[in-house]
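In: Build me a structure from this.
(2 chains)
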2 protein chains.
Amino acid sequence: MFEQLGLIGCGLMGGSFALALKRAGLVKRVVGYSKSPSTTERARQMGVIDVEAPSALLAVSGADIVLLAVPVAATEATLKAIRHLVTGNMLIMDVGSTKRDVVDAARRVLRDHVGSFVPCHPITGKEVSGVEHADPDLYAGRQVILTPIERTQVAQLKRASDLWEALGSKVVQMSPESHDAAFAAVSHLPHLIAFALVNSIATQPAGEDFLSLAGPGFRDFTRIAAADPKIWRDILLANRHELVEQANLFQRSLIDMLKQLEQEGGGEALEQMIDHASQTRAHWRMGQKK
Amino acid sequence: MFEQLGLIGCGLMGGSFALALKRAGLVKRVVGYSKSPSTTERARQMGVIDVEAPSALLAVSGADIVLLAVPVAATEATLKAIRHLVTGNMLIMDVGSTKRDVVDAARRVLRDHVGSFVPCHPITGKEVSGVEHADPDLYAGRQVILTPIERTQVAQLKRASDLWEALGSKVVQMSPESHDAAFAAVSHLPHLIAFALVNSIATQPAGEDFLSLAGPGFRDFTRIAAADPKIWRDILLANRHELVEQANLFQRSLIDMLKQLEQEGGGEALEQMIDHASQTRAHWRMGQKK
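Out: I've put the predicted structure just below:
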């Protein structure tokens, strides 16, 4: 049970966390801050937060738990803004989609208090953003990856882990490096591809007609292309090295298929490739090891 | 109202059509044939068809409406098998995902009776196939593209159009060429990309671990990768020229984004590209013109 959550960033992720914590009876009071005052006000009106803080620093004042729910590129500036009130007993977490840049920022800024910081990445989201879509069930049944570093305090790691489990999440631990490699492959690259495909169609002369004919396959395939541009620019930039590597592997895989498509008699090899993908995907279950 | 439907191919698409026609009271009797006798038997046990035909030709005997619901590569052989019983009064339709190859086959095989053939492509489907997933609602509310050729009889085109509308579908007409260009972009290329991405991840040393971490974005993005390998091999091959052209445009679009990602100061251009895709996708509605 926590006394006071300092919530920095009252959008979809932060707002949903506050609602989930409140519903579970795990926090007495939520003090929130957002860069945009209208968001903070909205969050208070909706009951997502109890008190509006005029700055990130004041949101942290008196908190025993702090959640950073800001775009990953804003992590370092946010940590700088709050570091004077960070204490060794305070549990600080983030929800960023990349982890190497986040732990680097935490090391640089928090220094002796970096042990209080537990880097988190909940595998969840919606194609819409903003506090108006906050949902106390956003984290239930979903994986939350914790990427502790060597200086993370064992006690804080356990508090973070217990808290996510109390919200119904499944906690997984790995290094920031493994995390970023994995998510370049299964999340950042799919987003990049979805953006590139939508642009590739929309910029053709008959693009609008083409799009008007698209069906449910296209709908699901491109759902992630509607993601927030600033947030995704930051994620793609923060993880660019792993992402470029994954994009190269993907392009090779695509070119292999195109070769069989263009080559006389390539049908059998093409079918084998499709079959491999189809079997893999058909047996895949979200959040489960094979 | 039709007396007898000759259904060739009793899988998901064909079975759903028969169920929809029966439920709407638009057909008295369904005679079905599938390449696999166990499928035909299953379809009869499920009430999808009333009578099992031992051959495609016998399924057509006595029918006033015929639906070909076979993989596109089997269209020509199927038309050859039935042509001796095709009459000028019979409405013949298909449900293939490519149309140029289908109308070419119909021209070659049906000759003087090609006017009875109305090429159709219903924009619907499931990630599972087989008669056991047949669903009378599969076509309701979905677009059905009709691609008549110069010799298609106006009366047959109207019968086909009225029939699909009676099943709740929205009918759209265009040329086979326009159809194939559009679906290369919005369906065949997304499938090819989804297959290539799943293979690219699964064949990496840490691929299984990566996949176990993937979330709802990946789930939706790769849903189409679980598609039937034989059916999709045929579709991709049948439309390979348009598909390769669309793949080239996509690769250019992807490389443009990767360039901005790797280039110092490319963040702004990258954000603009993401923003364009995000706006386009956010305003897109299935089956609607902007």
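
In: can I assume residue A:207 is in contact with residue A:197?
Out: No: proximity of residue A:207 to residue A:197 does not meet the contact threshold set by CB atoms under 8 Å, at 11.5 Å. Just so you know, the C-beta spots here come from the backbone N, C-alpha and C atoms, and that holds for glycine as well.

In: How about the backbone phi and psi for the residue in the stretch 1-150 of chain A positioned nearest to chain B?
Out: For the stretch 1-150 of chain A, the residue closest to chain B is residue A:123, as judged by CB to the nearest CB, at 3.7 Å. According to degrees, to the nearest 10, the main-chain angles of residue A:123 amount to phi -90, psi 80.

In: burial measure for it, as a count.
Out: Neighbour count of residue A:123, defined by other CB atoms under 10 Å in any protein chain shown: 24.

In: which residues sit against the strand or helix carrying residue A:272?
Out: Secondary structure here is read from DSSP states H and E; on that basis residue A:272 sits in helix A:267-283. If you take CB atoms under 8 Å, 6 or more residues apart in numbering or on different chains as the criterion, helix A:267-283 is touched by A:256-257, A:260-261, A:290, B:194-196, B:198-199, B:202, B:211, B:222-223, B:225-230, B:232-233, B:236-237.

In: Going by neighbour count, which of those residues are buried?
Out: Buried subset of those (neighbour count, 16 or more other CB atoms under 10 Å in any protein chain shown): A:256-257, A:260-261, B:194-196, B:198-199, B:202, B:211, B:222-223, B:225-230, B:232-233, B:236-237.

In: Look up how far residue A:69 lies from residue A:230.
Out: Relative to residue A:69, residue A:230 is positioned 14 Å away (criterion: CB to CB, to the nearest Å).

In: oh sorry, the question was meant for residue A:28
Out: As for residue A:28, its distance to residue A:69 is 19 Å (criterion: CB to CB).

In: Tell me who's in contact with the nearest residue to residue A:274 once chain neighbours are set aside.
Out: Distances taken as CB to CB, 6 or more residues apart in numbering or on different chains place residue B:229 nearest to residue A:274, at 4.3 Å, with adjacent residues excluded. By CB under 8 Å, 6+ apart, the contact set of residue B:229 is A:271, A:274, A:275, A:278.

In: how many neighbours does the nearest residue to residue A:195 once chain neighbours are set aside have?
Out: Closest residue in space to residue A:195, ignoring its immediate chain neighbours: residue B:277 at 4.0 Å, by CB to CB, 6+ apart. In terms of burial, residue B:277 registers 30 neighbours under the definition other CB under 10 Å.

In: per-residue confidence for residue B:277?
Out: Residue B:277 is assigned a pLDDT of 98 by the prediction.

In: One more: residue A:88?
Out: 89.

In: Same list (the contacts of residue B:229) but as JSON lines, adding neighbour count.
Out: Formatted as JSON lines, the entries for these read as follows, by neighbours: other CB atoms under 10 Å in any protein chain shown:
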{"residue": "A:271", "neighbour count": "19"}
{"residue": "A:274", "neighbour count": "28"}
{"residue": "A:275", "neighbour count": "16"}
{"residue": "A:278", "neighbour count": "22"}
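
In: Go ahead and confirm residue A:20 touches residue A:166.
Out: No: between residue A:20 and residue A:166 no contact is recorded; they are 9.1 Å apart, counting by CB under 8 Å.

In: hmm, stretch A:76-96 in reach of chain B?
Out: No: looking at stretch A:76-96 against chain B by CB under 8 Å from any CB of the partner chain, there are no contacts, and the closest approach is 13.0 Å.

In: Span of that stretch from start to end?
Out: This stretch, stretch A:76-96, spans 12 Å end to end (CA to CA, to the nearest Å).

In: returning to that earlier point: quick one: which of the contacts of residue B:229 is nearest to residue A:42?
Out: Using CB to CB, the shortest approach to residue A:42 within the contacts of residue B:229 belongs to residue A:278, at 44.6 Å.

In: one step back: from residue A:193, how far out is the residue nearest to residue A:195?
Out: For residue B:277 relative to residue A:193 (CB to CB), the value is 10 Å.

In: Kindly report the same for residue A:56.
Out: Taking CB to CB as the criterion, residue A:56 is separated from residue A:193 by 35 Å.

In: Please apply the same query to residue A:257.
Out: Counting by CB to CB, the gap from residue A:257 to residue A:193 is 14 Å.

In: how about the residues of the stretch 1-150 of chain A near chain B?
Out: That would be A:123, A:124, A:125, A:142, A:143, A:145, which are the residues of the stretch 1-150 of chain A within reach of chain B (CB under 8 Å from any CB).

In: Past the host helix or strand of the last one, which element shows up next along the chain?
Out: Okay, so that is residue A:145. Assigned by DSSP H and E, residue A:145 falls within strand A:143-146. Read in the C-terminal direction, the helix or strand following strand A:143-146 is helix A:154-166, with elements assigned using DSSP H and E.
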